[in-house]
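Q: Sequence below, structure please.
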Amino acid sequence: MGKLDPFDSIQAPCLRTEKNAPLRVNPEPLGLSGSTELAEVSGRRQTPSLRPGSRRVDFIFLHVPKLTNYYRPINDFIWINFLPMGLLGLADLLQRHGISTEVVHTGVEWIEDRHFSVIDYIREKAPRIVAIDLHWHHQSYDVIEVVKKVKAAMPSVYVLLGGYTASFFHEEIMNNFDGVDGIIRGEAEVPILELANALSQGKGDLFSIPNLTWRRKGRILINPLSYVASEKELNNISFTNFPLLKNYPTYIRYIGQPFYVKGVSKEKNFWMYSLKSPIYHLTVGRGCPVQCTWCGGGRSSLETITGRKEVTFRSVERVLQSIKEAVSYGYETFHICFDPYPQRPQYFLDLFSRLREEKIKMECFFECFGLPSIHFIKSFKATFPGPKSLIALSPEVGSETRRKIHKGYAYSNQALMKTLDQMEANGVFCDLFFTLGVPFEKEADIVQTIQLQKMIRERYSNVRGIRTFTIEMEPGSPWHLDPEEYGVKTSLHHFMDFYHYHSGDKSAFSSLGYWIPDYFGEEKDEKGFEEALQKIKCRHFCFIHPEARKSSTPFWGRRLCDLSSLFWKIKGLVSHRKP
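A: Below you'll find the model as predicted:
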């Protein structure tokens, strides 16, 4: 995820002579035999002391959201609240192999107890390993600060990182932060189990563990990026083992939006800012066959970051089982953001058919990567006839020329209209997502987007929401890897850039991490570019609506934004005056 490519020489073992330079190792092929049994602890490694009466665990996963954020209509909020989709699966895998495991979401714990101390909790549970996901770059500062605190309080605990951002910047993170003992790059099912087994036996030799960057005798060692999960492996783990997550009922009920507003209760968050339906993010598969220019998770980015070269689906029956289990825990809607072949929908037609056979009643929010076929639209309606179900489309921009440059599955405006006609004829609701401020776009292109949105708003009653977001600089995306090619300026090249960038009050809603010098012709820096873009967004694309499932016209969106801002100002004054 960035301009430098830390995997350039991954295939060639090499030893550098500089201080702290990494040693790339070429272990013997990984043997999985024996990996399913947890060996006895050798006693060579000291573990934290356990409080009387506490139940210790071997392994703790921590999810650390970005705690400090500000956006005018909602004031202060917590950002990056969703667990990475594979995290519960990893916890389940370890638990099934006799490694006692727990997942702790520090945002959920803040909601439940403002005085919660993650350090005290880890000390009480006395794990051998603490694994922290650093998936989204917004977490960079908060995660590293937790790493420092954990290592300072419990030096013997093995601190492990994983996720896209950690994977891309693995070498830089290891060089800059001694508190990180290891990073699993890319997919982690086999590596994390092998690592847990090795550490439980007190082994110092970790050469055989794929995808691992680690320390040995003061050196940084980089094992080959050789593992990606197979369909069989993805089918054999559960992504719905929610009891492994501390306070999971709160997560299920109240973490229904990417953000959580700090100034109101969890109940008010649910009723004011969520879709008012617990939403489960369904794991269908992994991989993407195309590459959008802004995306750190497209085909070429995935190959660099995770080694994955092809798409893998979980079996329909295992996905069906996940849905049933999610329903049993109180989920009412499931979200699918995995549509690698939009014009070849047979997998989803089979899944929807099985849902109808099993008479499972849920709502569905389906994000289509391109345009859905008529067969998909009809099957979707037959399976999800409820009023909360919809298909989301992302034209991104009004200009067909710009869309072809940036979007993996591009299409014409005429094809978009035909699809919207089909959805309306079949009674399927739709959300549309756009952006602005992309490379090669000019103000005239923005006018095209405004006109397209206006026409859709007037023509289609089944389009419930039209939302326009600006796009951030994503590590590992084509923009980030080669900003000059896209005419983009950015200060976010390395991990330390992202770490410092997120150490203040930068907000994903207004801080982009890049600017385009000739976009407007007069803004000379990132701040001026963002301010000019924000003015256009407020004037022509504001979509804030009191009902989270809907969007307003720009005029009413601005009015609601003003009222919301006034509400928070008054609330702040009242709170300040209270003794």
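
Q: and residue 62, helix, strand or coil?
A: Secondary structure state of residue 62, per DSSP: H, G, I helix; E, B strand; the rest coil, is strand.

Q: so who does it touch?
A: Applying CB atoms under 8 Å, 6 or more residues apart in numbering, we find residue 62 in contact with 103, 104, 106, 118, 130, 131, 132, 133, 146. The C-beta positions use only the backbone N, C-alpha and C, and glycine is treated the same way.

Q: which residues touch the second one?
A: Going by CB under 8 Å, 6+ apart, residue 104 touches 60, 61, 62, 63, 118, 121, 245, 246.

Q: what about residue 130, which SS state?
A: strand.

Q: Which of the contacts of residue 104 has the largest number of neighbours?
A: Neighbour counts for the contacts of residue 104 (other CB atoms under 10 Å) peak at residue 61, which has 27 neighbours.

Q: For the stretch 151-300 of the chain, just list every one of the strands.
A: 158-162, 182-184, 212-216, 219-222, 259-261, 279-281, 285-286 (DSSP state E, counting those that start in this stretch).

Q: Can you tell me the strand partners of the first one and which way each runs?
A: Right, the one you point to is strand 158-162. With DSSP bridges as the test, strand 158-162 is paired with strand 129-133 (parallel), strand 182-184 (parallel).

Q: orientation of it relative to strand 212-216 in degrees?
A: 150 degrees (axes from the mean of the first three to the mean of the last three CA atoms, to 10 degrees).

Q: Strand 158-162: how far from the chain's middle?
A: Remark: strand 158-162 is offset 18 Å from the chain centroid, using CA atoms, centre = their mean, to the nearest Å.

Q: Could you list the alpha-carbon positions for it in CSV?
A: Extracted in CSV, the C-alpha atoms of strand 158-162 (Å, rounded to 0.1, in the frame of the first residue of the first chain):
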residue,chain,number,x,y,z
TYR,A,158,4.5,-11.3,21.8
VAL,A,159,3.0,-8.3,19.9
LEU,A,160,1.8,-9.2,16.4
LEU,A,161,0.3,-7.0,13.7
GLY,A,162,-1.7,-7.9,10.6
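
Q: Quick check: the nearest residue to residue 107 once chain neighbours are set aside vs residue 110, distance?
A: With sequence-adjacent residues excluded and distances taken as CB to CB, 6 or more residues apart in numbering, residue 107 is closest to residue 65, at 4.3 Å. As for residue 65, its distance to residue 110 is 9 Å (criterion: CB to CB, to the nearest Å).

Q: what do these two both touch?
A: residue 78.

Q: between the strands paired with strand 158-162, which one is nearest to residue 323?
A: Checking these against residue 323 by CB to CB gives strand 129-133 as the closest, at 23.8 Å.

Q: Mind putting the contacts of residue 104 into a markdown table with distance to residue 405?
A: Output for the contacts of residue 104, formatted as a markdown table (distance: CB to CB, whole Å):
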| residue | distance to residue 405 |
| --- | --- |
| 60 | 44 |
| 61 | 39 |
| 62 | 39 |
| 63 | 35 |
| 118 | 44 |
| 121 | 48 |
| 245 | 41 |
| 246 | 45 |
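
Q: Same list (the residues you listed) but as TSV, adding pLDDT and distance to residue 512.
A: Shown next, in TSV, are the contacts of residue 104 (pLDDT from 0 to 100; distance: CB to CB, whole Å):
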residue	pLDDT	distance to residue 512
60	98	34
61	98	31
62	98	28
63	97	25
118	97	31
121	97	36
245	98	33
246	97	35
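
Q: Quick check: the closest residue to residue 234 other than its chain neighbours vs residue 144, distance?
A: With sequence-adjacent residues excluded and distances taken as CB to CB, 6+ apart, residue 234 is closest to residue 314, at 5.0 Å. Note on residue 314: its distance to residue 144, by CB to CB, is 33 Å.

Q: Ok, residue 488 next?
A: 26 Å.

Q: again, but for residue 92
A: 27 Å.

Q: Compare neighbour counts for those two and give me the winner.
A: Between residue 92 and residue 144, counting by other CB under 10 Å, residue 144 is the more crowded of the two (24 against 20).

Q: List the contacts of that one.
A: So residue 144 contacts 173, 177, 499 (CB under 8 Å, 6+ apart).

Q: Now do the same for it: its pLDDT.
A: Listed pLDDT for residue 144 reads 98.

Q: Looking at residue 65 and residue 110, which one has more neighbours?
A: More crowded of residue 65 and residue 110, by other CB under 10 Å: residue 65, with 26 against 17.

Q: Does the more buried one touch residue 77 like I think?
A: No: using CB atoms under 8 Å, residue 65 is not in contact with residue 77; the gap is 9.9 Å.

Q: Mind telling me what element residue 562 is part of?
A: In the assignment (DSSP states H and E), residue 562 maps to helix 554-577.

Q: Looking at the strands paired with strand 158-162, spot the one closest to residue 416.
A: Judged by CB to CB, the one of the strands paired with strand 158-162 that comes nearest to residue 416 is strand 129-133, at 35.7 Å.

Q: Any idea how far that closest one is from the middle of the chain?
A: 17 Å.

Q: now swap in stretch 342-360 and tell me
A: With CA atoms, centre = their mean, you get 25 Å for stretch 342-360.

Q: Return the set of buried residues in it.
A: Judged by neighbour count (16 or more other CB atoms under 10 Å), stretch 342-360 contains these buried residues: 342, 345, 347, 348, 349, 350, 351, 352, 354, 355.

Q: ok, and the closest non-adjacent residue to the last one?
A: This points to residue 355. residue 383 (5.4 Å).

Q: The one you found contacts residue 357, doesn't it?
A: No: look at residue 383 against residue 357 with CB under 8 Å: they stay out of range, at 10.3 Å.

Q: Which neighbours do the two have in common?
A: Counting by CB under 8 Å, 6+ apart, residue 383 and residue 357 have no common neighbour.

Q: hmm, which helix or strand of the chain has the shakiest average pLDDT?
A: Within the chain, no helix or strand scores below strand 22-24, which has a mean of 53 by mean pLDDT, DSSP states H and E.

Q: Could you pull up the residues touching residue 459?
A: Contacts of residue 459 by CB under 8 Å, 6+ apart are residue 420.

Q: let's go with 10 Å and repeat that
A: By CB atoms under 10 Å, 6 or more residues apart in numbering, residue 459 lies in contact with 417, 420, 421, 424.

Q: pLDDT value on the spatially closest residue to residue 443 that is not a sequence neighbour, please?
A: Leaving aside its chain neighbours, residue 443 sits nearest to residue 520 (7.1 Å; criterion: CB to CB, 6+ apart). pLDDT, residue 520: 84.

Q: Could I get the phi/psi values of residue 520?
A: For residue 520, the backbone dihedrals (degrees, to the nearest 10) come out as phi -110, psi -20.

Q: How about residue 460?
A: The phi/psi pair for residue 460 (degrees, to the nearest 10) is phi -120, psi 110.

Q: count of residues packed around it?
A: Neighbour number of residue 460 under other CB under 10 Å is 18.

Q: residues in contact with it?
A: 417, 420, 421, 423, 424, 429, 430, 432, 466.

Q: what about 7 Å?
A: Residues in contact with residue 460 (CB atoms under 7 Å, 6 or more residues apart in numbering) are 420, 424.

Q: hey, C-alpha coordinates of stretch 454-465 in PDB?
A: This file holds the C-alpha atoms of stretch 454-465, laid out as PDB (Å, rounded to 0.1, in the frame of the first residue of the first chain):
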ATOM      1  CA  LYS A 454     -30.400  15.600 -11.000                       C
ATOM      2  CA  MET A 455     -31.800  13.500 -13.900                       C
ATOM      3  CA  ILE A 456     -31.700  10.300 -11.800                       C
ATOM      4  CA  ARG A 457     -33.400  12.000  -8.900                       C
ATOM      5  CA  GLU A 458     -36.200  13.300 -11.000                       C
ATOM      6  CA  ARG A 459     -36.700  10.100 -13.000                       C
ATOM      7  CA  TYR A 460     -36.400   7.100 -10.600                       C
ATOM      8  CA  SER A 461     -38.500   6.900  -7.400                       C
ATOM      9  CA  ASN A 462     -36.800   3.600  -6.500                       C
ATOM     10  CA  VAL A 463     -33.400   5.400  -6.000                       C
ATOM     11  CA  ARG A 464     -33.500   6.000  -2.300                       C
ATOM     12  CA  GLY A 465     -30.100   7.600  -1.900                       C
END
